[in-house]
Structures are given as structure tokens and as C-alpha cells.
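Student: Here's a sequence, model it:
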Amino acid sequence: MNNIQIFSSYTDNNKQRVKKMLGVCYYPEHWPESMWAQDAKEMRELGLRYVRIGEFAWSRIEFSDGVYSFEWLDRAIETLAAAGLEVIMCTPTATPPKWLIDKYPDILPVDINTGVTRAFGSRRHYDFSSKNFFREAMRISEVLAKRYGEHPAICGWQTDNEIACHDSTHSGSVAAKEAFREWCKSRYQTIEKLNTDWGTVFWSMEYENFEQIDLPILTLTEAQPAHQLAYRRFSSDQVLAFHNKMIEIIRQHAPNRFVTHNFIPMMDTQVDNYALAENLDFVSYDNYPLGRSDLFFANRPAEEFKPYMRTGHPDYASYDFDQSRGISKKNFWIMEQQPGPVNWAHHNPRPEKGMVRLWSWQAFAHGADCVCYFRWRQAPFAQEQMHAGVKRNDNSKGAAWAEIEQMRDELKTVAFSADAPVQAKVAIISGTTNQWVSEIERQADSYSHHETEFSYYSAIRQLGLVVDFISMDSDFSQYDLILAPCLPIVNDAFIEKCKNAKAHFVFGPRSGGKTDELSLAPNLPPGKLQALVPIQIISTETIRPDCSETLIYKGKTFESRCWREEIQINENVNISALYHDENPAIVRHGNTSYIATLTCDNFLIELFDDLANEMGITTIRLPKDMRMVHRGDMTYVFNYAGHAQTFPIENVGSFLLGQANMAPYDVAIIKLNS
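Tutor: Residues are numbered from 1 along each chain as shown. A predicted model of the protein is given here:
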């Protein structure tokens, strides 16, 4: 290893990251060794600094039980390091090899919708409740950490890969059932308390002991709601135990290296992402704006979706960037950036020319320290052969190459401060429990927790504002406006924090309506929130999306749709908006507003604009499909439109990149006047 440069991504004293800018995901095991050195040379010339390797290489590292082959991996690391690249090593636990499955068949999870054991032949085919897999996953993680933990070319580690995606959090296995029973014993202590908390007297579901409890799956009709919520909490805890142990092993053997994980959006994992990130140095995120937009906006009419088919919705990538920053509680990385068409969405269009550059700058603007592109070269075989890379499978340069070159050059000329914070005055309270409750008790086919949360977020972004995602446990002191689109379960500590905060709070429908065990609040919804806004929800109706009705606000008409609550108001409550029948739809008491219906984007923009201005937050009505964000002393502007547009604000600073007259899919960066 004499030719390996020693990198210091952490200092011994304070573990401060050396923040370079660009990286790539590489699979040396997929390519002849004769190509590695040229690949590494071209990576460095392209301006890449970080290379992630190893997350799917278990079978190549350990082809059979206890028989290791590290020589190829040693040489790959040395080749990359010799070119001046820093290596991010991964634990390979997302792809247990065939010999391991044959030795321990209980590793395979059981599908909760069919009761059928899932088969080998893809990835993430493991059960978080399998003791055999837990032991084997920690063993291979320790083997790698011991061998490479202090390797001078390795700057950090990634745990697993997109943990819990592909519906892999839940399993209906015998192991999961036994572990769930133990979890219930720990949480409820006595079977009497469980029966009371769950309300098992309903439909004659009372239990005599914990050994009688099954998983809430494959029932004839819907399973008991509290039982379902307990199972989701348990399943999340299983993931956390697995992940935290892996982090512990890496830290034991890899001092002064960062540990991260490449998250995907919270909606895909069914895991408490705030807790999952707690022991990491920072969060990483895999950004696929077209693939995920195709899935997220699948039900939108063509006239709404088509303008964004090759760009992604203007707020969608930033929605996930801001979530990543919030989960991380600091800046984050993009560990995988889409460079072209993917292969796994319903439909897989190519990005418009300029979008790979735009997404990269957008990530930096929202708090990223590094953007890594997926992948270096398109694979000619297996499941992802239709997934684009930076290079094509014939080794020619892909469509994104020129845009990455442009990023390389622009990063040299723009005085970009990677330490600069993204400072928001507006926050959205999020959390996986909100999602769980709305999925368990759907009440309407048209209600979607994520679409509701996204609509609040998008309205704020259309006002030119930055948004932080926070949990109920976060510090509220820096915010002037805090939105809770869906917060069914709250606790006393949260209520006290709200009372003592300077912010104006906006709660959406369903908020506060449930106890911690998913029963109706005994004093009617919004339950404990009545301490902030003295109202009662005396009935709830859900209506078809095509049967919307009128919402009246400040003499203007908007839409009330899908979910409508009937409010009974007490004294000192002001009515902000009315339903068509002149009953209250939005009310306010002091620094708290309650929105009792789902509504249209135009109303949310109007309401949030008024509240922001009242709280001293300056809003900006930008042209359609133009967005902006402040980070440090810079403003970043993005034109998602397929036509030229002009940034409407004058004399705010000097343009470091671009200009006020922005081309289609263009970026401008302004250094603000001091």
C-alpha cells in the first residue's frame, strides 16, 4: 500500500468532515480489472473525489461459508486511491448470498399480504427478526470493518443499502411473531393492560396471555387498529436494533471515519427515520426525481404531470432534500444521483438536457455537502441493465457526462461554502407515526398522508421560503411558522412546547384526534390540542375527490375536498374560513390555527402567505415553476420551466452563476448584498 495517499476526512479531535463535492458509485466486481485504472483516472479528471463501493459484493467477498476473497477488493481500493480518490466502503448486508439462504432458510421474510415466503433471487431478501441473519450480518460487517477500518484510503462507511425498502420492514414469519410477543410483553407488562389499551373487548378479541398474540396480518377483514400500530412500532424497532448494532461494529474498528446510510424517502420504509439517523454522522439520500415522481404523481391527470415528465415536479426533489436535512439535523450527502433514465418506475423517461446539473445544484442549495452519481458505467446484465450510468455499457460517455463536467468547472469558480447552513423560519412537523395512523385508519380512499404533507410543503416553497422538517421532539425556538399537516397523536410535552414557542402553529385535519394506542381522544378530537385551540370535532366525513365543495376565505372561494370535519367552537375562537354552508372550516385561537379540511393548493398558498407576513417572514411570489432557496450568504434560483423566465427580484446581490434572464432548466446563484 505504499502508493496510497493518506486522506484525513476526519480530524482526530473534532471529527469534522473534509467536504469535497462530487462522487460516484462504482462496482469493480462488474468489470475486468484491466479497466479499473483507466476508470479511476477518468473519474478524477471528471472532478469526482469520492467513490462508493462494496454494498452488493457479499458473494464475491465470501463465495462460500467462511471462504473469503479480499485480494480483488484490496487491489480495487489501491487502484482508486492511487488516482487520488477517497473510498466509501459499504457493509454488503442488503444482498445475502445463496449459500447463506440455503444454510439458514429462516432468513427469508414472509410476505404479510399472502403469507408466502419470499424467494432468493433479488435483493433485501432478509427478515429483520431472523436471529440467524442478524448474527451473520454482524459477522460479515465485523470482518470487513476489521480488515478495512483503518485503511488510509477509506474515508467513511455506508451501512447496508436503502434499508427497509421494497416493503422489507414487515415480515409475517414465525420469528417475527415470537419477537413481537416479546416486544408486547416489554411494552405492556401485563396482558390486562394490553387488552385495555387495544380495546380487545371489541369483536371478542380478548387475550389470556401474550403467547396467544399473532401478527395482525391475513385477517378476514381489517385487523384491530392498535394491534396494527403496535406491529408497525415493533417492526421499526427491529430495523433500528439491526442498524444500530452495525454502526457500533463499524465505529469499534474504523476510528475517525464517518458512518452514513443512503436513505430513501420516509414513505418507502415504514421505519422511524429520525431514530434510524440518530447514531449516524450524517444522512445520505438517493435522489431519483423522475422515477419517484412517476410513482408519487401517478394519479395526476396528464395535463398536470406531462410538463414535469422529464424534470420532476419543482418541489419534489427539494421535498426529499429538506427531509434528509431534517432527519440528519445537519447537512447531508446525495449518495446516488440519477444521471439518466432508470428502470424501476412505472415509466422511465430521460431527463431534459440540463436537469442533472440542476438537480445537483439544487441538492447543494438545500444542504448537501456532496453529490455522488449512480452509477459510473451502465451494467450490461441483470436487473438494472436499463438503468443509465455516467458512462454507457460500451464505455462511451453518457448524456450526463457533459453536465458533470460543467458542475466540476462551476464548483471551481463559485465560492461555495459547504459549511453554510440552510436557515429556515418555517418548519413542518413530520414523523412515521403520522403515516402509520393514516394508513391503518384510512377512512377514505382519497386520503394520502404524503400528498397532504407535500401540498403544505409545496405551498410554502411557492412563496419563496425554505422549509425545515422537524419532529415533535425538536427545538422550536428558531421558527416563526410551524405546520403540522397530519399529527394524529401528540403528547403533553409537545403541548407545553407549543405553549412556550413564539411560532404560529397550523394543524391540519386529523391532528390530535387519537390516543397513543390509536383510540379516539376521550374529549373528542383534536384531543390534547384543545389546550391550544378550544374546539371539538363532532363529526368527520370523507367525500369523493370529484365532489369537492366551496371553501370561503377573505371573500374568495377555494375548494374543500375529500376530508371534512365539523367544528364546534368555544369562546374566543376566531373563524378564518367557512364551508359552503357557512359552518367554520378553519379556526384560530391565539397563535394556533386549525384547518378542518383538505383543500386546494391556491388556498394553502393564500393562507400561508398571510400567516408568514403576519409573523414577519418575507414571501415572494415567483413565476410558475421557478424556485429559490437561501443557504448562507447565497440565493440559488432554479427554473424548472421549459421556457425562459426572468427572476423578478432586483438588486439583491451579484450573480456568481447565470443571470436574471434564465434559460429553460437553468440555475442562477446570487451572492447576497451584505
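
Student: What is the longest helix anywhere in the chain packed up against?
Tutor: If you go by DSSP state H, the chain has its longest helix at helix 225-253. Helix 225-253 sits against helix 131-148, helix 174-188, helix 191-198, strand 258-260, helix 273-277, helix 432-440, with contacts defined as 3 or more CB pairs under 8 Å, 6 or more residues apart in numbering; DSSP states H and E. The C-beta positions use only the backbone N, C-alpha and C, and glycine is treated the same way.

Student: what angle sits between that helix and helix 131-148?
Tutor: Helix 225-253 and helix 131-148 are oriented at 30 degrees to each other (axes from the mean of the first three to the mean of the last three CA atoms, to 10 degrees).

Student: so where is the stretch 401-550 of the chain shaky, pLDDT-wise?
Tutor: Within the stretch 401-550 of the chain, the stretches falling below the threshold (pLDDT under 70) are 416-418.

Student: any idea where the strands of it begin and end?
Tutor: Shown for the stretch 401-550 of the chain, the strands assigned by DSSP state E, counting those that start in this stretch span residues 426-429, 467-470, 481-484, 504-507, 535-542, 549-553.

Student: Kindly reformat these as CSV containing distance to Ile191 and mean neighbour count.
Tutor: Output for these, formatted as CSV (distance: least, CB to CB, whole Å; neighbours: other CB atoms under 10 Å):
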stretch, distance to Ile191, mean neighbour count
strand 426-429, 34, 26
strand 467-470, 37, 24
strand 481-484, 35, 26
strand 504-507, 35, 24
strand 535-542, 32, 16
strand 549-553, 47, 17
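
Student: Turn those into CSV, including distance to Pro307.
Tutor: As requested, those are arranged in CSV below (distance: least, CB to CB, whole Å):
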stretch, distance to Pro307
strand 426-429, 25
strand 467-470, 23
strand 481-484, 26
strand 504-507, 29
strand 535-542, 30
strand 549-553, 26
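
Student: Out of these, flag the one nearest Gly312.
Tutor: Nearest to Gly312, of all those, is strand 467-470, at 17.3 Å by CB to CB.

Student: Just give me how far that closest one sits from the chain centre.
Tutor: With CA atoms, centre = their mean, to the nearest Å as the basis, the distance from the averaged C-alpha position of strand 467-470 to the chain average is 12 Å.

Student: what are the pairing partners of that strand, and which direction each?
Tutor: Within its sheet, and counting by DSSP bridges, strand 467-470 is paired with strand 426-429 (parallel).

Student: hmm, who's touching the partner strand?
Tutor: Residues from elsewhere that reach strand 426-429, judged by CB atoms under 8 Å, 6 or more residues apart in numbering: 453, 456-457, 460, 465-472, 474, 476, 479-485, 487, 503, 612, 617.

Student: Now do the buried residues in the longest helix of the chain.
Tutor: By neighbour count with 16 or more other CB atoms under 10 Å, helix 225-253 contains the buried residues 225-240, 242-244, 246-247, 249-251, 253.

Student: Which residues are in contact with the nearest residue to Val414 once chain neighbours are set aside?
Tutor: When the adjacent residues along the chain are set aside, Val414 lies closest to Leu656, with 5.1 Å between them (CB to CB, 6 or more residues apart in numbering). Contacts were defined as CB under 8 Å, 6+ apart; by that measure Leu656 touches 413-415, 634, 669-671.

Student: Show the buried residues in those residues.
Tutor: Among the contacts of Leu656, those classed as buried by neighbour count (16+ other CB under 10 Å) are 634, 669-671.

Student: Among those residues, name the ones in strands.
Tutor: Secondary-structure check on the buried ones among the contacts of Leu656 using DSSP state E: residues within strands are 634, 669-671.

Student: of all those residues, which two lie farthest apart?
Tutor: Greatest spatial distance among those (CB to CB): Ile669 and Lys671, at 7.5 Å.

Student: one step back: so which of the contacts of Leu656 is the closest to Tyr288?
Tutor: The nearest member of the contacts of Leu656 to Tyr288, counting by CB to CB, is Ile669 at 24.3 Å.

Student: wait, isn't the closest one in contact with Gly658?
Tutor: Yes. Using CB atoms under 8 Å as the test, Ile669 is close enough to Gly658 to be in contact (6.7 Å).

Student: overlap in contacts of these two?
Tutor: Taking CB under 8 Å, 6+ apart as the contact criterion, the residues that touch both Ile669 and Gly658 are Val637.

Student: What is the neighbour count of Gly616?
Tutor: Close neighbours of Gly616, defined as other CB atoms under 10 Å, add up to 9.

Student: The closest residue to it other than its chain neighbours: what's it in contact with?
Tutor: Nearest-residue entry for Gly616: Asp480, 6.5 Å, with adjacent residues in sequence omitted and distances by CB to CB, 6+ apart. Asp480 makes contact with 425-426, 502-504, 612, 615-617, according to CB under 8 Å, 6+ apart.

Student: where's Asp480 relative to Val426, distance?
Tutor: Between Asp480 and Val426 the computed distance is 7 Å (CB to CB, to the nearest Å).

Student: Also Cys370?
Tutor: In this structure, Cys370 and Val426 are 26 Å apart, going by CB to CB.

Student: Now for Thr190, how many residues are close by?
Tutor: Number of residues near Thr190 (other CB under 10 Å) recorded here: 10.

Student: and the gap between it and Tyr207?
Tutor: Counting by CB to CB, the gap between Thr190 and Tyr207 amounts to 11 Å.

Student: Outline the domain layout of the protein.
Tutor: Here the domain parsing of the chain from automatic domain parsing is 22-173+237-413, 174-227, 426-614, 626-672.

Student: Let me have the ones you listed in CSV, adding distance to Ala420 as columns.
Tutor: As requested, the domains of the chain are arranged in CSV below (distance: least, CB to CB, whole Å):
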stretch, distance to Ala420
domain 22-173+237-413, 9
domain 174-227, 43
domain 426-614, 13
domain 626-672, 3
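
Student: what's the closest non-adjacent residue to the spatially most central residue of the chain?
Tutor: Per CA atoms, centre = their mean, the C-alpha nearest to the average position across the chain is that of Pro265, at 2.7 Å. Counting by CB to CB, 6+ apart, Pro265 lies nearest to Asp320, which is 5.3 Å off, once chain neighbours are set aside.

Student: which SSE is the one you found in?
Tutor: Under the assignment given by DSSP states H and E, the secondary-structure element containing Asp320 is helix 316-328.

Student: And for Glu42?
Tutor: Secondary structure assignment for Glu42, by DSSP H and E: helix 36-45.

Student: Going by neighbour count, which residues in that helix are buried?
Tutor: Residues 36, 39-40, 42-44 are the ones in helix 36-45 that count as buried (16+ other CB under 10 Å).

Student: nearest to Ile327, of those residues?
Tutor: When the buried residues of helix 36-45 are compared for distance to Ile327, the smallest value, 29.0 Å, is given by Met43; criterion: CB to CB.

Student: how much space between that closest one and Ser360?
Tutor: Between Met43 and Ser360 the distance, using CB to CB, works out to 16 Å.

Student: Likewise for Ala459?
Tutor: For Ala459, the distance to Ser360 (CB to CB) stands at 26 Å.

Student: Same question for Gln383.
Tutor: Taking CB to CB as the measure, Gln383 falls 26 Å from Ser360.

Student: quick one, which of the two is more surrounded?
Tutor: Between Gln383 and Ser360, Ser360 has the larger neighbour count (other CB under 10 Å), namely 27 against 12.

Student: Next, the more buried one: secondary structure please.
Tutor: Counting by DSSP: H, G, I helix; E, B strand; the rest coil, the backbone at Ser360 sits in helix.

Student: I figured it was touching Gln337, is that so?
Tutor: Yes. Using CB under 8 Å, Ser360 and Gln337 qualify as a contacting pair, with a distance of 6.5 Å.

Student: Now do the shared contacts for these two.
Tutor: Counting by CB under 8 Å, 6+ apart, the shared contacts of Ser360 and Gln337 are Val371.

Student: Val516 contacts Ile489, doesn't it?
Tutor: Just to correct that, residue 516 is Asp rather than Val. Yes. With contact taken as CB under 8 Å, Asp516 and Ile489 are classed as touching, separated by 5.8 Å.

Student: Cool, thanks, signing off.
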